[in-house]
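> Sequence first, predicted model second:
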Amino acid sequence: MAFIAQLAARFPGLAPTANAVLKPTKPLETLGNEIMAQRLQYWYRYLTTYGETWAAAKPQFTVVKDKLMAPQKINMKELAVGTVCGVQIFGSFCIGEMLGRKSVVGYSQGRKEHHH
């Protein structure tokens, strides 16, 4: 059984996509052109709606800034959520460092030789 078919069997939500991969109905060039058009649409919409995203984020940033400027107003739930988010960010950083180093404990020092 092909890997894609196994994936579809394990994750039923992916079955339509897997079936489209296993039994293609479009030439590869057409599919490539559609992907490029979708990328163009994505980046155009991403860049043109940046102002709306920034405008929506400003009030949320103001709330966070006000809470940080007056820590006595932070309740236990907000403190717990902030702590969990901070731990997740720190953990992601640590995992990224390990992946970048390709080692859990430190950077590779090259070949170790015995000096007598």
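Now that the structure is in, tell me what you want to look at. Numbering: from 1, shown residues only.
> What are the boundaries of the helices in the chain?
Secondary structure of the chain (DSSP state H): helices at 3-10, 15-22, 28-48, 50-69, 76-101.
> list the buried ones in the first one?
So that's helix 3-10. Residues of helix 3-10 classed as buried by neighbour count (16 or more other Cβ atoms under 10 Å): Ala8. (C-beta placed from N, C-alpha, C; glycine too.)
> any idea how far the residue positioned nearest the centre of the chain lies from Leu99?
Geometric centre of the chain, nearest residue: Ser92, 10.5 Å, by Cα atoms, centre = their mean. Going from Ser92 to Leu99 by Cβ to Cβ, to the nearest Å gives 11 Å.
> cool, Ala55 as well?
When distance is defined by Cβ to Cβ, Ala55 is 36 Å away from Leu99.
> Equivalent analysis for Pro12, please.
Distance, Pro12 to Leu99, by Cβ to Cβ: 31 Å.
> Mean pLDDT for the helices of the chain - can I get that in JSON lines?
Listed next are those as JSON lines, based on pLDDT from 0 to 100:
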{"stretch": "helix 3-10", "mean pLDDT": "88"}
{"stretch": "helix 15-22", "mean pLDDT": "89"}
{"stretch": "helix 28-48", "mean pLDDT": "96"}
{"stretch": "helix 50-69", "mean pLDDT": "94"}
{"stretch": "helix 76-101", "mean pLDDT": "95"}
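> if I pick the nearest residue to Glu78 once chain neighbours are set aside, what's in contact with it?
Among residues not flanking Glu78 along the chain, Lys67 sits closest, at 6.9 Å (Cβ to Cβ, 6 or more residues apart in numbering). By Cβ atoms under 8 Å, 6 or more residues apart in numbering, the contact list for Lys67 reads 73-74, 78.
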